[in-house]
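Participant: Predicted model and sequence below, questions to follow.
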Amino acid sequence: MTTTITITGAGGQIGYALLFRIAAGDLLGPDEKVRLRLLEIPQGLGAAEGAALELQDGAFGLLEYVEVTDDAAVGFDGCDLALLVGARPRGPGMERADLLAANGGIFGPQGAAIAANAAAGVRVTVVGNPANTNALIAAAAADGVPAERFTALTRLDENRARAQLAHTLGAPVHTVRRVPIWGNHSATQFPDISHATVGGRPVTEALEQIVGDVPTWLETTFIPRVAKRGAEIIDVRGSSSVASAASATIDHVRDWVKGTDDWTSAGVVSHGEYGVPEGLISSFPVRSVDGEWQIVEGLELSDWARSRVDASVAELVEERESVRGLGLL
Ligand code: NAD
Ligand code: LMR
């Protein structure tokens, strides 16, 4: 089998980190051949072409071909997996929503080009910020493609949350499970540990012995650390996260295609689950079954958790209003 993968913004930082991992088989495994289409704007073509030359020099056995283009119809032609990375990153002092006006306009035309040119079962992952609302814009413009095929990356937030818990608990990160992110990929997101386990034991119980007052630790330490990690990286590094974002993108798409044996997190379209307004692309606890994300239903939310979810969802509603105001939806 060969899978055609389109990466927008392939000449940028995350694109560069993604391409070589995909070519090496980290996304779809050692038996799946890949064709890469790198879609850029004219100013980014040189960097994408350079990356294509390096891909050639990597002599990757799984890589059938690489095509570089600034034409969306060519870029999305026959595409099975679309990774929409191309967008401006935020700088110090900005919130991700500040990018709506700058980046929102990219995603309508790309959604339309996906509808017109991609393979019938195309799966789209939006990484470019603000990812949830950009995914909403792309989905709305993609006539005939089910909204379920448009997702936003919140796996980086989940990976951050699991890593912070593992560090605090002194446990290997793979033993920390069921830490879903709810809502927006923004500072309002809610990383939820109420169902989390470490080595099969409830995380809340294990945390009590280490941090004492768990609710206070969540409010003052854990949630701000996870929700503001993107800003912390920008402050320390001088620019936004790259390799961890590429790695989370690989995790998200691999799990979507190959399936999961437990919950994870993804920004997916709401059908009203947990009271999230229909049509919003919100992060939920999800499983991937038979190549489709399924929202994990029936979880109890405490009043405190409910208010956290509601606050982040309210921000998504505001972003939707803003892009409607900008004529992007
Ligand atoms: P970058 O500036 O290094 O690269 C962006 C690339 O996109 C550039 O090469 C640019 O030419 C290209 N581009 C711009 N408009 C385009 C268009 N219309 N079509 C195709 N390509 C286009 O930025 P980066 O560090 O790679 O980050 C990319 C985006 O990913 C940013 O919006 C950033 O905020 C976001 N991001 C999201 C997450 C997440 O978890 N969801 C994590 C990290 C970064
Ligand atoms: C991140 O979470 O690191 C990215 O969304 C980049 C940012 O602006 O925070």
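Facilitator: Received it, and whenever you're ready, just let me know what you need. Note that the structure is a prediction, hence the values are computed from the model and not measured. Ligands and ions are numbered 1, 2, ... in the order given.

Participant: Please name the nearest non-neighbouring residue to the spatially most central residue of the chain.
Facilitator: Among the residues of the chain, residue 153 comes closest to the average C-alpha position under CA atoms, centre = their mean, at 0.9 Å. Counting by CB to CB, 6 or more residues apart in numbering, residue 153 lies nearest to residue 127, which is 4.9 Å off, once chain neighbours are set aside. For the C-beta atoms, the positions are set from N, CA and C on the backbone; glycine is no exception.

Participant: how about the residues of the stretch 51-200 of the chain that lie near ligand 1?
Facilitator: 85-90, 106, 127-129, 131, 153, 156, 185 (CB under 6 Å from any ligand atom).

Participant: on that earlier part again, the residue nearest to the centre of the chain and residue 267 touch, don't they?
Facilitator: Yes: between residue 153 and residue 267 a contact is recorded at 6.9 Å, counting by CB atoms under 8 Å.

Participant: Quick check, residue 19 in contact with residue 7.
Facilitator: Yes: assessed by CB under 8 Å, residue 19 is found in contact with residue 7 at 6.7 Å.

Participant: Just give me the neighbour total for whichever residue of the chain sits closest to ligand 2.
Facilitator: Residue nearest to ligand 2 within the chain: residue 230 (2.1 Å; CB to the nearest ligand atom). By other CB atoms under 10 Å, the residues close to residue 230 number 24.

Participant: doesn't it fall inside a helix?
Facilitator: Yes: assessed by DSSP: H, G, I helix; E, B strand; the rest coil, residue 230 belongs to a helix.

Participant: hmm, back to that, which one of the residues of the stretch 51-200 of the chain next to ligand 1 is nearest to ligand 1?
Facilitator: For these, the nearest to ligand 1 is residue 86 (2.5 Å; CB to the nearest ligand atom).

Participant: Quick check: that closest one touching residue 9?
Facilitator: Yes: proximity of residue 86 to residue 9 meets the contact threshold set by CB under 8 Å, at 2.7 Å.

Participant: Mutual contacts of these two, please.
Facilitator: 15, 39, 40, 44, 128 (CB atoms under 8 Å, 6 or more residues apart in numbering).

Participant: ok, back up a step: neighbour-wise, which of residue 19 and residue 7 wins?
Facilitator: residue 7 (29 against 25).

Participant: and the nearest residue to the more buried one once chain neighbours are set aside, what are its phi and psi?
Facilitator: Excluding the flanking residues, the one nearest residue 7 by CB to CB, 6+ apart is residue 83, at 4.8 Å. Backbone dihedrals for residue 83, given as degrees, to the nearest 10, come out at phi -110, psi 100.

Participant: tell me the phi and psi of the residue nearest to residue 153?
Facilitator: According to degrees, to the nearest 10, residue 127 has phi -110, psi -40.

Participant: residues in contact with it?
Facilitator: 14, 83, 84, 85, 87, 153, 245, 249.

Participant: separation between it and residue 14?
Facilitator: 6 Å (CB to CB, to the nearest Å).

Participant: Between the two, which contacts overlap?
Facilitator: 85, 245, 249.

Participant: pretty sure residue 140 is in a helix, no?
Facilitator: Yes: secondary structure assignment places residue 140 in a helix (three-state DSSP).

Participant: Pairing partners for the residue nearest to residue 7 in the sheet, please.
Facilitator: Residue 83 forms beta bridges with residue 7, residue 125, as assigned by DSSP bridges.
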